[in-house]
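Novice: Below is the sequence, then the predicted model.
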Amino acid sequence: MNDLADGDAGMDSGCEASPRLFRNPLLDWLSRVNHLVPLFLYSPIALFLVWLALRSMSVRSVIAGALAGYVAWTLVEYFGHRFLFHYRPQTDSGRRVQFLLHGVHHEYPGDPLRLVMPPLMSVPIIVAAFAVLRLVCGPELVMPVLAGFIGGYVGYDMLHFHVHHGRPRTWLGRLLRHRHMHHHFRDESSWFGVSAPWWDEILGTQPDKAVK
């Protein structure tokens, strides 16, 4: 892609703060989170799950399970972003929920405290993933699979923050930033994969050539 540098011109997300979302001061405080919180909250859990798995499983099986969990996360990231976060409800209450889930991020993309998922959102996702994966994988294999899922989620949150507030120096980093800024400022119906851009290529959600 030869327009990576120029394509981001005028797209800097800035550091503007988003408005208060909840009347309850505790809820509003919980909706704002430092971008390192997911890393320090979930990384120990993922490592503990790997340690537990290694007590009863081979290294090869643990690696395979973790990779499967990572792939599962990338699918949740892509389809959740495409169909849940960008759903267009017709009711006022539905629009309010959508704004809380994702709309606020598009309105205020530079707010560093509303860029990664707060535990209010991420904990239910991890719990639901555990319940589903345990049914699918069983009580033993679920440990490395969930570790890979959590690792994928943490990587997504860290990368998402970086493409907004970092200055990527590698070709891949600049590509991911360009695509995500394109999603924010030019075409919200494309480039849904933040940390897993291959799903856009596979499932045909690249931008229309007219707005590239």
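Specialist: Yep, that arrived.

Novice: elements contacting the helix or strand hosting residue 175?
Specialist: Per DSSP states H and E: residue 175 is located in helix 171-185. Using 3 or more CB pairs under 8 Å, 6 or more residues apart in numbering; DSSP states H and E, the elements in contact with helix 171-185 are helix 4-7, helix 119-165. Placement of C-beta: from N, CA and C, glycine included.

Novice: what's the helix or strand that it is followed by packed up against?
Specialist: Going down the chain from helix 171-185, the next helix or strand is helix 198-203, by DSSP H and E. When contacts are defined as 3+ CB pairs under 8 Å, 6+ apart, helix 198-203 sits against helix 59-79.

Novice: Take the helices and strands packed on helix 171-185 and lay them out in CSV including distance to residue 94, mean neighbour count and mean pLDDT.
Specialist: Output for these, formatted as CSV (distance: least, CB to CB, whole Å; neighbours: other CB atoms under 10 Å; pLDDT from 0 to 100):
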stretch, distance to residue 94, mean neighbour count, mean pLDDT
helix 4-7, 33, 13, 38
helix 119-165, 17, 19, 96
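
Novice: Can I get those in TSV including distance to residue 106?
Specialist: Listed next are these as TSV, based on distance: least, CB to CB, whole Å:
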stretch	distance to residue 106
helix 4-7	19
helix 119-165	12
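
Novice: check contacts around residue 16.
Specialist: 108, 110, 111 (CB atoms under 8 Å, 6 or more residues apart in numbering).

Novice: wouldn't the second one be in contact with residue 164 here?
Specialist: Yes: Residue 110 is in contact with residue 164 according to CB atoms under 8 Å; the separation is 6.7 Å.

Novice: now the most far-flung residue of the chain relative to its centre, what's its secondary structure?
Specialist: Distance to the chain centre peaks in the chain at residue 56, reaching 31.0 Å (criterion: CA atoms, centre = their mean). On the three-state scheme (DSSP: H, G, I helix; E, B strand; the rest coil), residue 56 is labelled coil.

Novice: surely it meets residue 138?
Specialist: No: look at residue 56 against residue 138 with CB under 8 Å: they stay out of range, at 11.9 Å.

Novice: For residue 81, see how far away the residue most central in space within the chain is.
Specialist: In the chain, the centroid-proximal residue (CA atoms, centre = their mean) is residue 156; its distance is 4.5 Å. Distance from residue 156 to residue 81, counting by CB to CB, to the nearest Å: 10 Å.

Novice: Now do the shared contacts for these two.
Specialist: Contacts common to residue 156 and residue 81, judged by CB under 8 Å, 6+ apart, are residue 194.
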